[in-house]
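**Q** Sequence unavailable; structure follows:
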Ligand SMILES: Nc1ncnc2c1ncn2[C@@H]1O[C@H](COP(=O)(O)OP(=O)(O)O)[C@@H](O)[C@H]1O
Ligand SMILES: [Mg+2]
């Protein structure tokens, strides 16, 4: 891999002789839903054994479509998908699961009326005898799930459900896991947990392709990343290279920079408010008024409605 961020328009997807075959490679994919309308337009990505690869890009760029195309859920019209050097283009999802590909969709990724244990059993229904052994592995990674195995998934918070969805995909011992926006809809604290967990899963030996809307956090934890734009892999590099590339910042992380500016302003405003409140409180105290019974306001990281 080049030491600098690459604009990928001219980079060949063909394997370079003498370099090890990546675990999963998508070459020049063209794919879409409606006949004649291509969502992926010559999209090439790869993940090496043990790598955590991020996919970022604007809304509608085709990130989810790319994962679905890799997992046989969207028809690939041109190009090919290779797993350990063998072609798996347009294989059905159940076959891909058997071959070591796991997929966690962004939404509707658990069976809410089933318990955690039943959800995990569904994950391994192709090999029910391996349940106990895999459950031990899952319990090591996610002790909470083991402790609460009889709880119904539908009664869990958004962050916990995401954990169940990841655990279910891991039950089949995938060599590569495809994650679609695992942090979406979670509070900042739960997002951090999700990123940590993703890294832990990766460290346990599972290669990962993670699509993320939280571009900064994604680039911080991944080994390499791709910026997807209009169905193409527009840029690639390490997370750090992409984060510091002026072109990538101005074209794709612009809103990120604005978000950060807004967050900084909000912090300054909050500090000013806190200081004004402190002034008011000390003025009130010196005026011998009774202490206020107003409870303290919720912390900025209080759970979102999806993340009870
Ligand atoms: N099931 C579908 N049928 C038709 N078009 C779809 C479908 N899903 C997504 N699209 C279209 O594909 C494009 C890319 O969507 P998607 O891959 O979900 O983008 P991203 O995940 O990057 O936000 C969008 O224009 C979207 O409207
Ligand atoms: Mg998406």
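**A** Now that the structure is in, tell me what you want to look at. All of these numbers come straight from a predicted model, not from anything done at the bench. Ligands and ions are numbered 1, 2, ... in the order given.
**Q** all strands for the stretch 1-150 of the chain, in order.
**A** Per DSSP state E, counting those that start in this stretch, the stretch 1-150 of the chain carries strands over the ranges 6-7, 24-31, 40-47, 52-56, 76-83, 86-87, 101-104.
**Q** Out of those strands, the one nearest residue 240 is which?
**A** strand 52-56 (11.8 Å; CB to CB). Just so you know, the C-beta spots here come from the backbone N, C-alpha and C atoms, and that holds for glycine as well.
**Q** and that closest one, is it in reach of ligand 2?
**A** No: for strand 52-56, no contact with ligand 2 is found by CB under 5 Å from the ion; the gap never falls below 9.6 Å.
**Q** list the helices and strands that strand packs on?
**A** When contacts are defined as 3 or more CB pairs under 8 Å, 6 or more residues apart in numbering; DSSP states H and E, strand 52-56 sits against strand 40-47, helix 63-70, helix 188-203, strand 207-211, helix 215-221, strand 224-229.
**Q** What residues sit buried inside the third one?
**A** Same thing as helix 188-203. Neighbour-count burial for helix 188-203 flags 188, 190, 191, 193, 194, 195, 197, 198, 201, 202 (criterion: 16 or more other CB atoms under 10 Å).
**Q** Identify the residues contacting the nearest residue to the second one once chain neighbours are set aside.
**A** To tie it back to what came earlier, the one meant is residue 190. Excluding its sequence neighbours, the residue lying closest to residue 190 (CB to CB, 6 or more residues apart in numbering) is residue 159, at 3.6 Å. For residue 159, the contacting residues are 186, 187, 190, 193, 194, 307, by CB atoms under 8 Å, 6 or more residues apart in numbering.
**Q** Just give the number of residues close to the second one.
**A** Read it as residue 187. 22 (other CB atoms under 10 Å).
**Q** For residue 108, give me the pLDDT.
**A** The model reports residue 108 with a pLDDT of 88.
**Q** Any figure for the gap between the residue nearest to residue 190 and ligand 1?
**A** Note on residue 159: its distance to ligand 1, by CB to the nearest ligand atom, to the nearest Å, is 21 Å.
**Q** repeat for residue 251
**A** 15 Å.
**Q** so what pLDDT did that residue get?
**A** On the pLDDT scale, residue 251 is placed at 74.
**Q** what residues does this protein put near ligand 2?
**A** 63, 64.
**Q** Give me the below-cutoff pLDDT ranges for the stretch 1-150 of the chain.
**A** 1-6, 8-19 (pLDDT under 70).
**Q** ok, 80 please
**A** 1-20 (pLDDT under 80).
**Q** For ligand 2, give me its nearest residue in it.
**A** Ligand 2 sits closest to residue 64 of the stretch 1-150 of the chain, with a gap of 3.2 Å, by CB to the ion.
**Q** need the residues of the protein near ligand 1, please.
**A** The chain comes close to ligand 1 at residues 33, 34, 39, 57, 59, 60, 61, 62, 63, 64, 65, as judged by CB under 6 Å from any ligand atom.
**Q** Buried only: go through the residues you listed for me.
**A** 39, 57, 61, 62, 63, 64, 65.
**Q** one step back: identify, out of the strands of the stretch 1-150 of the chain, the most deeply packed stretch.
**A** strand 52-56 (a mean of 26; mean count of other CB atoms under 10 Å).
**Q** tell me the angle that one makes with strand 207-211.
**A** 10 degrees (axes from the mean of the first three to the mean of the last three CA atoms, to 10 degrees).
**Q** Just say helix, strand or coil for residue 183.
**A** Using DSSP: H, G, I helix; E, B strand; the rest coil, the structure places residue 183 in coil.
**Q** Next, format the buried residues of helix 188-203 as CSV and append pLDDT.
**A** CSV is the format used below for the buried residues of helix 188-203 (pLDDT from 0 to 100):
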residue, pLDDT
188, 91
190, 90
191, 92
193, 90
194, 92
195, 94
197, 92
198, 95
201, 95
202, 96
